[in-house]
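Colleague: model this:
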Amino acid sequence: MKDLGFDGVELMIGNPASFDAETFERQVKDHGLSTSQICTGELFGSYGLALNHPDVSLRSAAMRSAEDVIRMAGRWQCTVGIGRFRGKVWDSDPGVSMGRMADSLRHLNKVAEDEGVDILLEPLRRDVCDTLNTVAETASVIQAWRLDRFGWLLDTDHVDLGQTESIRREVRSLGFVHLADSRHMPLGRGDIRFEDYIALFASLGYQGYCSVEVFPDPSIKDELLLEEMAERLSEYFRKANVRKEESHAD
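Modeller: Residues are numbered from 1 along each chain as shown. Coordinates of the predicted model:
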C-alpha cells in the first residue's frame, strides 16, 4: 500500500475485544502508514449489534463495543465511523427507536470527549438503513442532540451529487470520505464520476482522507485490486485537476 502511494489504512472492526490491536498498530507504523479511521459496520452486519436495539442485552453489548472502539481510536488519534451500527427503526413508533439512538449517541459523545476522538455519522441509502438517509437529516440530529464530538462522513455510493447544496452547507463538519462505486463495486466498475466528487471536495477545501471502501473482486488477488484502485485514484485526481498531496488516500 505504501509503495502504491496510499497514506493510511481504515480498519473495519468486528469484535474489538478479540482484535490484536498491538500487532495491527505495529504493522501499520512499520510500513510508514497511519490508521485513518475505525469503521463499525460489521458490528451490525456480522454480530447483529445496534446502538438502538430494542433488546437491552444487545444494546448494552453494542455500547460496550462502541466504547472499546472509541478508546482504540483515541490511542491512534483517528476518527470512528458509524453507519448501520447506529440502528434502524425497530418500533411501530419511529420516535421510540430514534430516542434510544439519541440516548446512546449522547453517551458515546461523552466517551469521545474524554478520549479526544471525533465520531462521524454516515448518511446511508434507504435500502441499506432506514435512518439518517441524507446529509441534511444527519446534520440536523447532530445539532438537535448536541453531539459536540460528532461530524459526518460522505460515501459516494450513498450521497449523490444531488445533495451538493447540503454538502456545501455542512462541509465544516465533514470528517471523512468513502470512495465506492455503484453498490460498492471497485472504483471504475460502476456509474459514479469520482472526478466530480474530488473536484467538489477540493473547491470546498476538504483536506481529509478519501478511503477506498469497496467489495473485493474474488477473481483477482488483493494486491492486484490495490494496484488497480491506486491507478484509478491517480486518474480521478488528474481529471479533477487536483494534486493527490492536497488530500489523503487509503
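Colleague: what pLDDT does the residue of the chain most remote from its centre get?
Modeller: Distance from the C-alpha centroid of the chain, by C-alpha atoms, centre = their mean, peaks at S92 (28.7 Å). pLDDT for S92: 97.
Colleague: any idea how far L132 is from it?
Modeller: 20 Å (C-beta to C-beta, to the nearest Å). For the C-beta atoms, the positions are set from N, CA and C on the backbone; glycine is no exception.
Colleague: tell me the mean pLDDT over stretch 234-249?
Modeller: 79.
Colleague: now do stretch 171-182
Modeller: 98.
Colleague: can you check stretch 204-219 too?
Modeller: 96.
Colleague: so which helix or strand takes in V69?
Modeller: helix 56-76 (DSSP states H and E).
Colleague: shaky segments in this structure?
Modeller: Applying pLDDT under 70 to the chain picks out residues 244-250.
Colleague: again, only using 80
Modeller: 243-250 (pLDDT under 80).
Colleague: so the residue farthest from the centre of the chain belongs to a strand, correct?
Modeller: No. Assessed with DSSP: H, G, I helix; E, B strand; the rest coil, S92 is coil; it does not lie in a strand.
Colleague: all strands for this structure, in order.
Modeller: 8-12, 34-39, 79-82, 119-121, 150-155, 174-179, 209-212, 248-249 (DSSP state E).
Colleague: turn those strands into TSV, columns for distance to M1 and mean neighbour count.
Modeller: As requested, those are exported to TSV (distance: least, C-beta to C-beta, whole Å; neighbours: other C-beta atoms under 10 Å):
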stretch	distance to M1	mean neighbour count
strand 8-12	7	19
strand 34-39	11	23
strand 79-82	19	27
strand 119-121	22	25
strand 150-155	21	24
strand 174-179	15	23
strand 209-212	10	23
strand 248-249	10	20
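Colleague: can you say which of those strands is nearest to L161?
Modeller: strand 150-155 (10.6 Å; C-beta to C-beta).
Colleague: contacts for the closest one?
Modeller: Contacts to strand 150-155, defined as C-beta atoms under 8 Å, 6 or more residues apart in numbering, come from residues 37, 79, 81, 83, 105, 109, 112, 118-124, 135, 138-139, 142, 167, 170, 173-178, 180, 213.
Colleague: centroid-nearest residue for the chain?
Modeller: Note: the chain centre (C-alpha atoms, centre = their mean) maps to G81, 4.0 Å.
Colleague: beta partners of the closest residue to that residue other than its chain neighbours?
Modeller: Spatial nearest neighbour of G81, excluding adjacent residues (C-beta to C-beta, 6 or more residues apart in numbering): C39 at 4.6 Å. Beta bridges link C39 to M12, G81, judged by DSSP bridges.
Colleague: and the helices in this protein?
Modeller: Using DSSP state H, the helices of the chain run over residues 21-30, 41-45, 56-76, 94-115, 135-144, 164-169, 194-203, 222-239.
Colleague: what packs against the first one?
Modeller: Taking 3 or more C-beta pairs under 8 Å, 6 or more residues apart in numbering; DSSP states H and E as contact, the helices and strands that helix 21-30 lies on are strand 34-39, helix 56-76.
Colleague: how about the contacts made by E235?
Modeller: Contacts of E235 (C-beta under 8 Å, 6+ apart): none.
Colleague: repeat for Q163
Modeller: 134-136.
Colleague: pull out the buried members of these.
Modeller: With burial judged by 16 or more other C-beta atoms under 10 Å, the buried subset of the contacts of Q163 is 134-135.
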